[in-house]
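*Asks:* Give me a model of this one.
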Amino acid sequence: MKCEWVRENITLHVYGELADDARHELEQHVARCADCAAELKAEQEFHALLSQEREMEPTPNLLAASRMRLQEALETAEQGRFWHRLAFDPTNWLRQVRFSPALASAILILGFAGGVGTSYRVFVHQPPTTVATPTPAEASITGIQSITQQPGTNQIDIKYDTVSTLETQGSLNDQRIQQLLLFAARNNYNSGVRMDSVDLLTQKPDVSQVRDALIYALRYDTNPGVRLKALDGLGSFVKDDVRVRDVVLEALVNDANPGVRTEALRLIEPVKADGSVRGVLMTLAAKDQSQYIKSQARTMLAQLPEID
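*Replies:* From the prediction side, this is the model:
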């Protein structure tokens, strides 16, 4: 084995990317060659030094803006040959990344740079209805500060961050208000704001985008109060919308909060005869860790007619 080959593959060895047979041969060579052993030691020390450096993390505002911008771009992009290759030939990409740390690093750097450069813009298609304040179309939104409904009215005040904090007002029927509420429900770093947003969105569950946001909140929000609010908004659709029924069953089986699971169990009562619901109830009745859930599942099953 030539020293040149060893030095070309030392980096792969340090990152654990070499195949077993190549790794064995490299280690055998290094044991005999002092120069290559020194090269390997230097590479390992450099790798250890890099590992000690703390990675910079993007701010929650930047992450939120980047995610929303990416979602908007994916929804509006035309599906061409490039996207087709990404969607249907991922193994080639994975193979290239696996055997080329340099390519992996380049992709990581490009992705981070793209995230830093992205921002989310809400395009307003109707004129202001209440006050002449700067609209979301004029600035990149990085976060929602607060959401307040004026008592006894349909008016909602929303403060949102761009380079500075702006504010807009309008009714729940106003498209720009709905867009800001949807943004806050999915991406805001303040759980209280997410709670307020989801609470207001439950008044408009017939809108498909709103229902999608409630499903997203129930699946992924880290705050159990927000998940309970989402359940409340989705409850009336368990019978007729299979997607809603499935996400409620997911919450019943997987949610870590007992209150969320109990509410989900209550919501599936009207559809307990459904095959998928019956199957989940049978599983819960047999081996759920919560004695209450297990007992309630058995009670609901006992109320169902026997299957011939």
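*Asks:* check contacts around K272.
*Replies:* Applying C-beta atoms under 8 Å, 6 or more residues apart in numbering, we find K272 in contact with 278, 281, 300-301, 303-304. In short, each C-beta sits where N, CA and C put it, glycine included.
*Asks:* whoops, E43 was the one
*Replies:* So E43 contacts 10-11, 14 (C-beta under 8 Å, 6+ apart).
*Asks:* Mind putting those residues into CSV with neighbour count?
*Replies:* Formatted as CSV, the contacts of E43 follow (neighbours: other C-beta atoms under 10 Å):
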residue, neighbour count
I10, 20
T11, 16
V14, 16
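*Asks:* right, and out of those, which lies closest to L40?
*Replies:* Closest to L40 out of the contacts of E43 is I10 (5.4 Å), distances taken as C-beta to C-beta.
*Asks:* can I get the CA coordinates of the helix or strand where that closest one lies in PDB?
*Replies:* I10 belongs to helix 3-14 when assigned by DSSP states H and E. C-alpha atoms of helix 3-14 as PDB (Å, rounded to 0.1, in the frame of the first residue of the first chain):
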ATOM      1  CA  CYS A   3       1.700   6.300   1.400                       C
ATOM      2  CA  GLU A   4       0.000   8.500  -1.100                       C
ATOM      3  CA  TRP A   5      -3.200   6.500  -1.000                       C
ATOM      4  CA  VAL A   6      -3.100   6.400   2.800                       C
ATOM      5  CA  ARG A   7      -2.700  10.200   3.100                       C
ATOM      6  CA  GLU A   8      -5.600  10.700   0.600                       C
ATOM      7  CA  ASN A   9      -7.900   8.500   2.800                       C
ATOM      8  CA  ILE A  10      -6.800   9.600   6.300                       C
ATOM      9  CA  THR A  11      -9.600  12.100   6.500                       C
ATOM     10  CA  LEU A  12     -12.200   9.400   5.600                       C
ATOM     11  CA  HIS A  13     -10.700   7.100   8.200                       C
ATOM     12  CA  VAL A  14     -10.900   9.800  11.000                       C
END
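*Asks:* and the next element down the chain from the host helix or strand of M195?
*Replies:* Assigned by DSSP H and E, M195 belongs to helix 191-201. Counting by DSSP H and E, the element after helix 191-201 in chain order, helix or strand, is helix 208-220.
*Asks:* contacting residues around that following helix?
*Replies:* With contact meaning C-beta under 8 Å, 6+ apart, helix 208-220 is reached by 178, 182, 185-186, 194, 198, 201-202, 204-205, 226-227, 229-231, 233-234, 237, 241, 243-244, 247-248, 250-251.
*Asks:* at 7 Å what do you get?
*Replies:* Identification of contacts with helix 208-220 by C-beta atoms under 7 Å, 6 or more residues apart in numbering yields 182, 185-186, 198, 201, 204-205, 226-227, 230-231, 233-234, 243-244, 247, 250-251.
*Asks:* Would you mind identifying the next helix or strand past it?
*Replies:* Downstream of helix 208-220, the first helix or strand assigned by DSSP H and E is helix 224-234.
*Asks:* Okay, buried residues for the helix or strand just after that following helix please.
*Replies:* On the C-terminal side of helix 224-234, the nearest following helix or strand under DSSP H and E is helix 242-254. Buried residues in helix 242-254, counting neighbours by 16 or more other C-beta atoms under 10 Å, are found at 244-245, 247-249, 251-252.
*Asks:* before we move on, back to that, could I have the buried ones of the contacts of K272 as ChimeraX selection syntax?
*Replies:* Applying 16+ other C-beta under 10 Å to the contacts of K272 leaves a buried subset, and the ChimeraX line that selects it is:
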select :278,281,300
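*Asks:* SS state for the residue nearest to D196 when sequence neighbours are not counted?
*Replies:* Distances taken as C-beta to C-beta, 6 or more residues apart in numbering put I147 closest to D196, at 4.1 Å, once the chain neighbours are dropped. Using DSSP: H, G, I helix; E, B strand; the rest coil, the structure places I147 in strand.
*Asks:* Number of residues surrounding I147?
*Replies:* By other C-beta atoms under 10 Å, 25 other residues sit near I147.
*Asks:* Quick one, grab the pLDDT at it.
*Replies:* We have a pLDDT of 85 for I147.
*Asks:* Report the separation between it and L12.
*Replies:* Separation of I147 from L12 (C-beta to C-beta, to the nearest Å): 51 Å.
*Asks:* Over to T153?
*Replies:* T153 is 65 Å from L12, where distance means C-beta to C-beta.
*Asks:* And the two? Which one has more around it.
*Replies:* More crowded of T153 and L12, by other C-beta under 10 Å: L12, with 18 against 8.
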